[in-house]
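Peer 1: Using only what follows, build the 3D model:
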Amino acid sequence: MWGPFVRSYAEEARLFRGYTRPYVHTSSLTPALLALWLLAPDPGERAPAPAGAPAPPVRPIAPGFSTLEPGLDLGLFPGPTAASGDGRVYVVRIDPARFELRLLNASAKDARPHTVREWAVSAGAVAAINAGMFKEDGLTSLGLMRTRDHENNPRLSGRLKAVLAFDPLRPGLPAVRILDGACGELDPLPQVYGTLIQSIRMVSCDRKNVWAPEARRFSAAAIGLDGAGRALFIHTRSPVAVHDLIDSLLALPLDLRRALYVEGGPEAQLFVRSGDHEVERLGNFEGQTDENGLAWEVPNVVVAVKKGK
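Peer 2: Next up, the predicted model:
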């Protein structure tokens, strides 16, 4: 989660504070007030602006899922009621029939990390999210990470129990899968997908929350799959206990079947754009609700690109 540049970035990020606003627990809101709360401006959401121009106001996002274009939906939901901060969970839902996932690695190019937004824009992608935590070298994933053409980390970690697999090598396979090591799906590792990304399991093959309760709370990014095989890019800026976040996700109308954790803290980011709608979500420092206003550079991301592009 923390690269070697963290200390200097942390100090810089504290200079970019957003505005603070009153926070509420969603359990105290009526449905009408909950809708107004979800539509209110959010300091963790940033609108792009040309160089030297002030950022335009962020267009409100309706609660629940909204279709940005065919096969691409953006959802806004309340997270765990115990979460501090705004408590919102953003979910980008991606239909693999219309969009393909790609893994982008700094180690495959010039070894230069970028923000999640920068990765997405450079790839012409509609959405992007972290691809997983990385080692102190600032480039290498903690677990197995490879594409058809590049190995970022060739080793399968015995500690990480989930693998995101996409880019099938033969017809008839699901476009995207999350393989569960505890269910025997990594032994042996299937060699039928071009891209494999190993990380921490959140939801098991039988839809159980497998994250132990803990006191630590931080922003989080995750990738999931729903019952229709659609990829879900998930992000919460509010500091949450991951166990509580998973319970909340399983209770939301996402039809979440499996999920793996891809980043936490200020490095956790989510980006989505379609037409004139663009949303960038930033993570925060552990236990903080509104400290970080700076997009951190990360070495590995998963992006969604329109098929045929």
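
Peer 1: which residues does I178 bridge with?
Peer 2: Per DSSP bridges, the residues bridged to I178 are L164.

Peer 1: and the nearest residue to A131 once chain neighbours are set aside, what is it in contact with?
Peer 2: In this structure, A131 finds its nearest non-sequential neighbour in N300, 3.9 Å apart by Cβ to Cβ, 6 or more residues apart in numbering. Backbone N, C-alpha and C define where each C-beta goes, glycine included. Applying Cβ atoms under 8 Å, 6 or more residues apart in numbering, we find N300 in contact with 103-107, 130-132, 134, 139, 141, 145, 152.

Peer 1: Of those, which belong to strands?
Peer 2: Counting by DSSP state E, the contacts of N300 place L103, L104, N105, N130, M145, N152 in strands.

Peer 1: Settle this for me: the second one is touching W119, isn't it.
Peer 2: Yes. In this structure, L104 is within contact of W119 by Cβ atoms under 8 Å, at 5.5 Å.

Peer 1: which residues do those two both contact?
Peer 2: Listed as contacting both L104 and W119 by Cβ under 8 Å, 6+ apart are V301, V303.

Peer 1: Name the residue in these two with the higher neighbour count.
Peer 2: Each of L104 and W119 has its neighbours counted (other Cβ atoms under 10 Å); W119 has more, 27 against 22.

Peer 1: And for the nearest residue to that one once chain neighbours are set aside, the neighbour number?
Peer 2: Residue nearest to W119 in three dimensions, not counting chain neighbours: V301, with 4.5 Å by Cβ to Cβ, 6+ apart. Using other Cβ under 10 Å, V301 has 29 neighbouring residues.

Peer 1: do the same with V121
Peer 2: 17.

Peer 1: Can you list the buried residues in the helix or strand containing it?
Peer 2: According to DSSP states H and E, V121 maps onto helix 116-123. Using 16 or more other Cβ atoms under 10 Å as the burial criterion, the residues of helix 116-123 that qualify are V116, R117, E118, W119, A120, V121, A123.

Peer 1: Closest one to D206 out of those, please.
Peer 2: V116 (31.2 Å; Cβ to Cβ).

Peer 1: In contact with the closest one, which residues?
Peer 2: So V116 contacts A128, I129, N130, Q269, L270, F271, E280, A295, V298, V301 (Cβ under 8 Å, 6+ apart).
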